[in-house]
Structures are given as C-alpha cells and as structure tokens.
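Engineer: just need the structure, nothing else, for what follows:
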Amino acid sequence: MVIQDLLHNSEHALNHLLSSSLDSEVILSFVIDKPREYILANMDKDITADKTAKFEGLIARRAKHEPVAYLIHNKEFYERNFYVDNRVHIPRPATEDLIDCVKQSILKRSATLNSGLGPLQIADIGTGSGCIAITLALEFPNAKIIATDISDDALEVAKRNADKLGSSDKITFLKGDLLSVLAKPVDIIVSNPPYGWIISPPVFRACPEYSEGGRLRGGSSVKIWTNDKEVFFQPKESYESGQDGLTHIKKLIKDLPNHLKKNGKCFLEFDPRQTESIKQIAKDNNYNITIKKDFARFDRIAILQ
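Structural biologist: Numbering: from 1, shown residues only. Okay, here's the model as predicted:
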C-alpha cells in the first residue's frame with residue numbers, strides 16, 4: 001500500500017482525535033524509520049506488507065487512546081529524545097518549566113557564591129523516565145546528581161536513558177520512597193511527584209464512554225486530567241496521590257529539614273488547583289514559598305526555602 005492511502009485510512013481510524021494527521025505521520029515515520037519530511041515528499045511510495053501490518057496495528061492501539069509516546073517509545077523533553085514505555089509517566093511540557101526554574105536558581109547561585117564551595121548536589125525525587133535528573137546532569141555537568149524512585153521498572157528506564165544520552169557517570173540512581181534514601185542533605189531537591197487524587201467509588205466522570213482501556217489497576221480512578229484518556233495507560237503510582245492529591249507532597253515537605261541543606265531549595269511541580277493547599281503545607285512546616293507559573297500561565301511550580 002502506498003503512503004497516501006495508509007495515511008488516509010489511518011486518519012479515518014483516528015478521526016475522533018484532534019491530532020489524527022500528526023499522529024498518523026509520526027507513527028508511520030517510526031515504522032519505516034524515515035523523517036516526516038520523507039513521508040510528505042513521497043506520498044506515492046509503496047510500503048511493504050509487514051510494515052503496513054505493523055503500522056495498522058499501532059494505529060488500532062492509538063485509536064483506543066494509547067499514547068503515541070508509548071507506541072514509538074520516544075518523547076522529546078528539553079530538546080532531547082527520551083525512551084519511554086508504560087512503566088513510566090510520560091514527560092510533559094510543563095515539567096520543562098520546572099527545569100527552567102531550577103536552572104535560573106543555579107545560575108543565580110553560581111554568580112553570587114564562591115566557586116570553591118564544591119560541586120552542587122541535586123536530588124531528583126521520583127525520577128521516572130529520568131528526564132529531570134538527566135537534563136540537569138547535562139545542563140550542569142559539574143553537579144552531583146542523585147535520582148531516586150520507588151519503582152525498579154522506572155529506574156531501569158531511567159538508567160537506559162542515562163546510557164543513551166551519555167550521562168550515566170553523572171548520576172547516582174537509588175531505589176527508595178521519596179527522601180528516605182538520601183544519606184545526607186543536598187543543595188537542591190527537585191520533584192515532579194504524583195499529585196492526582198482518587199475518586200471513590202470508581203467513576204469516569206469526564207469520559208463515561210471509556211471502558212476497557214480506561215480502568216486503572218486496582219479499580220480506582222483519578223480526577224486530575226480525566227479529560228485526557230491517555231492518563232489511564234500510565235502507571236497510576238506515577239500520578240495518584242491519595243484522596244486530595246497531596247499525600248506525596250505533604251510527606252516530602254515534612255521530611256525536607258533532614259535532607260535539604262541550610263539555604264537549600266526545593267522545587268516541586270503541582271496541580272494549579274492545589275496552590276492554596278501547597279502554600280498552607282509550606283507554612284505549617286515553616287518554609288517560605290514562591291509560586292511560579294508554567295508556559296500556559298497556570299500555577300505549576302512551588303519553590304520552598
């Protein structure tokens with residue numbers, strides 16, 4: 001079958017998705033291992049039967065809302081390509097703003113502090129795919145980076161990405177729950193923790209038509225992002241955090257005094273609807289807090305000091 005016919009058929013199969021054309025082109029690019037530009041310039045090119053079958057299989061999965069990133073095992077983050085699969089949460093654009101906030105703080109610190117203080121020590125808590133830890137390791141090659149996660153599967157993916165992007169020697173990977181595995185205080189703690197909240201009893205309020213693929217392991221549902229059916233394909237431990245979405249954040253902030261150096265900073269990503277709660281948690285634990293907005297102008301990043 002020629003490319004033009006493949007794309008026509010796939011766009012029809014994905015017509016319930018706003019990104020049907022883009023998704024079709026990206027998936028076909030992955031299957032034939034050619035850039036999208038090649039596809040657009042070679043619409044009459046014939047595709048082999050085996051690649052056609054593979055493409056159609058992936059389109060069928062995409063039609064059920066499985067994320068493109070899982071289908072092609074790739075997600076761009078901070079202009080780098082990260083391997084992802086369903087063992088880890090897919091990196092999102094808002095988390096790039098978290099990186100920017102950390103970078104700005106480090107650059108300001110470097111300009112004001114004596115360089116003889118030694119390498120900066122940074123801990124990425126709940127590293128998942130490793131996108132935060134690896135990005136910071138590559139942006140600041142002299143820093144000492146620790147990346148933690150409670151999931152062996154996630155750590156395996158993170159290590160794979162570190163190898164792929166040439167940062168394995170810059171990062172120490174540790175298995176453990178939040179801050180518990182940090183042996184000594186660090187200068188910076190950064191985390192995109194789980195911050196979705198459970199709906200009980202299980203329902204799918206924003207997507208009631210969603211059935212098989214939408215049901216989470218354990219029979220629970222998540223209120224956050226319920227308009228985005230793709231979230232249900234991601235490991236629920238990567239985004240679900242109790243009835244209010246704050247279980248992990250509360251614990252992390254409570255434990256900061258034992259793991260953050262004096263004058264150190266903690267950077268946390270959160271849901272915009274949690275702003276006032278985050279401020280109160282910080283106040284209750286005697287931390288000053290600054291709230292930063294993401295690219296869409298929503299409250300997204302908390303800086304505690």
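
Engineer: number of nearby residues for the closest residue to Asp177 other than its chain neighbours?
Structural biologist: Distances taken as CB to CB, 6 or more residues apart in numbering put Ile150 closest to Asp177, at 5.1 Å, once the chain neighbours are dropped. The C-beta positions use only the backbone N, C-alpha and C, and glycine is treated the same way. For Ile150, the count of nearby residues is 15 (other CB atoms under 10 Å).

Engineer: equivalent analysis for Ala183, please.
Structural biologist: By other CB under 10 Å, 8 other residues sit near Ala183.

Engineer: so it lies in a helix, does it not?
Structural biologist: No - counting by DSSP: H, G, I helix; E, B strand; the rest coil, Ala183 falls outside a helix, being coil.

Engineer: and Ala302, what element?
Structural biologist: strand 299-304 (DSSP states H and E).

Engineer: which other helices and strands does that strand contact?
Structural biologist: Counting by 3 or more CB pairs under 8 Å, 6 or more residues apart in numbering; DSSP states H and E, the packing neighbours recorded for strand 299-304 are helix 93-112, strand 260-269, helix 275-284, strand 289-293.

Engineer: what lines up beside it in the sheet?
Structural biologist: strand 260-269 (antiparallel), strand 289-293 (antiparallel) (DSSP bridges).

Engineer: what angle sits between it and helix 93-112?
Structural biologist: Angle of strand 299-304 versus helix 93-112, following axes from the mean of the first three to the mean of the last three CA atoms, to 10 degrees, is 40 degrees.

Engineer: output the lowest mean pLDDT helix or strand found in this protein.
Structural biologist: strand 221-222 (a mean of 40; mean pLDDT, DSSP states H and E).

Engineer: mind giving me the packing neighbours of the following helix or strand past it?
Structural biologist: Next in sequence after strand 221-222, counting helices and strands by DSSP H and E, comes helix 247-255. The contact analysis (3+ CB pairs under 8 Å, 6+ apart) places helix 247-255 against strand 260-269, helix 275-284.

Engineer: how about 10 Å then?
Structural biologist: Secondary-structure packing of helix 247-255 (3 or more CB pairs under 10 Å, 6 or more residues apart in numbering; DSSP states H and E): strand 186-191, strand 260-269, helix 275-284, strand 299-304.

Engineer: count of residues packed around Leu18?
Structural biologist: Neighbours of Leu18 under the rule other CB under 10 Å: 9.

Engineer: check the secondary structure at it for me.
Structural biologist: coil.

Engineer: related to what we said a few turns ago, which stretch among the helices and strands packed on strand 299-304 is buried most, on average?
Structural biologist: Comparing the helices and strands packed on strand 299-304 by mean neighbour count (mean count of other CB atoms under 10 Å), strand 260-269 comes out on top with a mean of 18.

Engineer: quick one: distance of that one to the chain centre.
Structural biologist: Chain-centre distance of strand 260-269: 20 Å, with CA atoms, centre = their mean, to the nearest Å.

Engineer: so for that strand, mean pLDDT?
Structural biologist: Across strand 260-269, pLDDT averages out at 95.

Engineer: now stretch 132-149
Structural biologist: 96.

Engineer: distance between the ends of it?
Structural biologist: Using CA to CA, to the nearest Å, one end of stretch 132-149 lies 12 Å from the other.

Engineer: coming back round to it: mind putting the helices and strands packed on strand 299-304 into a markdown table with distance to Ile3?
Structural biologist: Formatted as a markdown table, those follow (distance: least, CB to CB, whole Å):
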| stretch | distance to Ile3 |
| --- | --- |
| helix 93-112 | 29 |
| strand 260-269 | 39 |
| helix 275-284 | 47 |
| strand 289-293 | 42 |
